[in-house]
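Peer 1: Take a look and give me a structure for this.
(chains A and B)
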Amino acid sequence: MNFINDLLKIIGDFIAGIINSIFGFSPFLADLVTMGLAAIILCTFAALSFMGLTYVERKVVARIQDRVGPNQAGPFGLLQPIADGIKMFTKEDTTPAAADRWVYNLAPLVIAVFALTTYAVLPFAPGVVGTNLNVGVFFIIAIGSGSIVAIIMAGWGSNNKYALLGAFRTVAQLVGYEVPMLLNVLPVVMITGSLGLVDIINQQTTLNGNPGIPFIVFFPFSALVFLISGIAETARSPFDLLEAESEIVAGFHIEYSGMKFALFFLGEYVNALAVAFVFSTLFLGGYAGPVLPPYIWLLLKAAVVFFIFMWLRGTLPRIRVDQMHNLNWKFFVPVSIVHLVVVMVLMKLFVTSPALAQANGGILVTPAAQAAILFVASTLVLIGSLTVAARRARIMRLQEEAVLEQRRAENIAAVSA
Amino acid sequence: MTIHQVLFIVMALAILGSAIFVVTTSNLFRAALMLILTFFGVAGLFVLLDIGLFAVAQVLIYIGAISILLIFAVMLTRGMQGMVPRNSQAVAAAVTVGIIFAVLLLLFGPFRVTVDVARWPVFSLFAGNASPRDVGGIEWTPPNQPIPSVPETYIADFGRSLVDLNQYLLPFLLIAFLVDVVLAGAIFVARQRRPAEVIEDRRRQAEEAAEEAEAMRQAGMAPDVAPLPEGAVASTAEH
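Peer 2: Numbers count the residues shown, from 1 in each chain, chains lettered A, B, ... in the order given. Sure, this is the predicted structure:
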């Protein structure tokens, strides 16, 4: 056993051994304490990474926008998250007079719980996973849809029309973008033949004669759409319509202050980081990688994905509501279905296992050849759909320009007459 | 008590408590939220039964979609807020539910009902193989064989059973067809009408109004309003 590579597992086994020897009289109690400790460690990890990410994001966005960012608290402003935390703790905790007290106070808790639950199924290294569910992918998407409830609770409980408008927008956006997200997880699930995250990672390593190619090479279209839908699901810029400051002030969390607001903030960042982890697991091979220890690989991949989030936030302006819905329902959903059908047929046609080829027919190819075929097909779907969309958009733009030109001519005629 | 029993009792209490809250509260929004808690409890029971797939599907469909729809219906019908959603049929409802519960318990529970055929001869019609010792009453026989565990490959089995001609292919296709029809209908109802269609509709309405007015004039009655000008909104100008 390589000490550095299996560091997390060795530490975990060590702690579990201590607990088992203390609670030796009752395996039930020992299990309970071990699980509770694991949950606390995972939640602490998520909360600490939230602290770090706020600092990193402010620095990166500042650099993109040609500013300095936080630089007063500590060296390079490194103590800024702690200063923010103290500010949040000491702020007055206000409650609107007409609020539905129970719902209003429960909403931040519910959103934090849903955000942290995702981490229970993420594999961090071989053997280091909260619980290796056989429906892991499905679980993550279901929990993501649960956080909609918390946002509705916040929007309604605040008894504020801007909060309610924000909640309406949230539901429209989050329910909509779940569809392309699910449709683009399906190719990965189909080629793996399992919904479990550990199985999906193993399929991307060289274990069991697999080619060791990450799924982003198999399905570049799915990876792209999953990434964009993930940004929309976590309501980060440019999809932050639900807290659009210039339109609905701050959306669903307008009435929250102090620690309750901090919990919403935590939910947002923890969710975004979870999407980065899930994307690295599904499409970049998770903890699989050469030389470096597995947990470092996973953190590196997640950091790269999160950097893309920050990059987009610093670069793109917020899109309009109609653009957001058009992108989803008129582009992502139909093209994802076409992509799914194409990939499905190709996977049935070109099989890698001799047993399956014997049973169902199909052309036997090597895993690398299958990857190449799927890559070409997925890229063709991507390029083709973009071409069609661009052509259609051009036709519509020309029509609009023609109408404008006609109106201008009519106006000139009316004025000169 | 094992951890399974503790969890079962906690979840059963959560389900029952929230379900009672749902039917007794007059605040519809809170009732909807409590219904979500009930759904969560049911998902927890699925987890206890070792079928994680159904638990996750319960969360995704009932909490992620149906509850949201319910909450929207409550939010968008503000008139319902002041109303007390009760009626005077509580007793009838209680009796109906009680009877259904008793029947389900007798059918699926670990009970066996026996009837004294000597006293109620009419039951001999149903009791073809009644043994002499069936002398009326309800026997309780706890199941003595262990409940079969869920196989490891249940997700794959479930998936295959949906596309197997000998199992559930036909219901699956029927549901898929139904969902397609519903989607197409929703798109047809909600679709944005093209400008040309809108103009055509207005023209037809104007023509119909003109024909009606003409018919009334021929019948000797003065028209109330002037016939609508073509393609325009009804004008109420004096004439």
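Peer 1: Averaged pLDDT, stretch A:270-288. What do you get?
Peer 2: In this model, stretch A:270-288 carries a mean pLDDT of 88.
Peer 1: Quickly check: that stretch near chain B or not.
Peer 2: No - contact of stretch A:270-288 with chain B (C-beta under 8 Å from any C-beta of the partner chain) is absent, the minimum separation being 14.8 Å. Every residue, glycine included, has its C-beta placed from N, CA and C.
Peer 1: what does chain A have sitting close to chain B?
Peer 2: Proximity of chain A to chain B (C-beta under 8 Å from any C-beta) is limited to residues A:28, A:31-32, A:100, A:102-103, A:133-135, A:138-139, A:141-143, A:145-146, A:148-149, A:152-153, A:156, A:164, A:171, A:175, A:178, A:193, A:195.
Peer 1: Alpha carbons of stretch A:278-290, in CSV - could you do that?
Peer 2: C-alpha atoms of stretch A:278-290 as CSV (Å, rounded to 0.1, in the frame of the first residue of the first chain):
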residue,chain,number,x,y,z
VAL,A,278,-19.5,16.0,-10.4
PHE,A,279,-18.3,17.2,-13.8
SER,A,280,-14.7,16.1,-13.0
THR,A,281,-16.1,12.7,-11.9
LEU,A,282,-18.4,12.2,-14.9
PHE,A,283,-16.3,13.6,-17.7
LEU,A,284,-12.7,14.1,-16.6
GLY,A,285,-12.1,10.7,-14.9
GLY,A,286,-12.5,11.8,-11.3
TYR,A,287,-9.6,10.8,-9.1
ALA,A,288,-7.9,8.8,-11.9
GLY,A,289,-4.6,10.1,-13.1
PRO,A,290,-0.9,9.3,-13.3
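Peer 1: In PyMOL, select just the buried ones from the residues of chain A next to chain B.
Peer 2: With 16 or more other C-beta atoms under 10 Å in any protein chain shown as the burial test, the buried ones among the residues of chain A next to chain B are selected in PyMOL as follows:
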select buried, chain A and resi 100+103+133+134+135+138+139+141+142+143+145+146+148+149+152+153+156+164+171+175+178+195
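Peer 1: and the residue of chain A nearest chain B?
Peer 2: Here the residue of chain A nearest chain B is residue A:145; by C-beta to the nearest C-beta that distance is 3.0 Å.
Peer 1: Give me the nearest residue to the residue of chain B found nearest chain A, chain neighbours excluded.
Peer 2: For chain B and chain A, the shortest gap (C-beta to the nearest C-beta) falls at residue B:64, measuring 3.0 Å. Distance criterion C-beta to C-beta, 6 or more residues apart in numbering or on different chains; nearest residue to residue B:64, sequence neighbours excluded, is residue A:145 at 3.0 Å.
Peer 1: Can you show me the strands along the chain?
Peer 2: Just so you know, I chose chain A. For chain A, applying DSSP state E gives strands covering A:123-125, A:128-129, A:350-351, A:363-364.
Peer 1: That was the other one, I meant chain B.
Peer 2: Secondary structure of chain B (DSSP E): strands located at B:111-114, B:137-140.
Peer 1: tell me the average confidence for the last one?
Peer 2: If I follow you right, that is strand B:137-140. If you average the pLDDT over strand B:137-140, you get 65.
Peer 1: per-residue pLDDT, the most centrally placed residue in chain B?
Peer 2: Closest residue to the average C-alpha location of chain B: residue B:66 at 9.4 Å, with C-alpha atoms, centre = their mean. Residue B:66 carries a pLDDT value of 87.
Peer 1: wait, what's in contact with it?
Peer 2: Residues near residue B:66 by C-beta atoms under 8 Å, 6 or more residues apart in numbering or on different chains: none.
Peer 1: who's in contact with the residue nearest to the spatial centre of chain A?
Peer 2: Nearest to the mean C-alpha position of chain A, by C-alpha atoms, centre = their mean, lies residue A:275 at 2.3 Å. Contacts here follow C-beta under 8 Å, 6+ apart; on that basis residue A:275 touches A:230-231, A:233-234, A:305.
Peer 1: From residue A:326, how far out is the nearest residue to residue A:327 once chain neighbours are set aside?
Peer 2: Leaving aside its sequence neighbours, residue A:327 sits nearest to residue A:319 (C-beta to C-beta, 6+ apart; 7.6 Å). Taking C-beta to C-beta, to the nearest Å as the measure, residue A:319 and residue A:326 are separated by 10 Å.
Peer 1: Show me which of those two is the more surrounded one.
Peer 2: The residue with more neighbours, out of residue A:319 and residue A:326, is residue A:319; 17 against 13, by other C-beta atoms under 10 Å in any protein chain shown.
Peer 1: Next up, the contacts around the more buried one.
Peer 2: Residue A:319 makes contact with A:238-239, A:241, A:327, according to C-beta under 8 Å, 6+ apart.
Peer 1: What score does it have for pLDDT?
Peer 2: pLDDT recorded at residue A:319 is 85.
Peer 1: low pLDDT regions in chain B?
Peer 2: For chain B, residues meeting the criterion pLDDT under 70 lie at B:1, B:78-87, B:111-145, B:147, B:221-239.
Peer 1: Alright, calling it a day.
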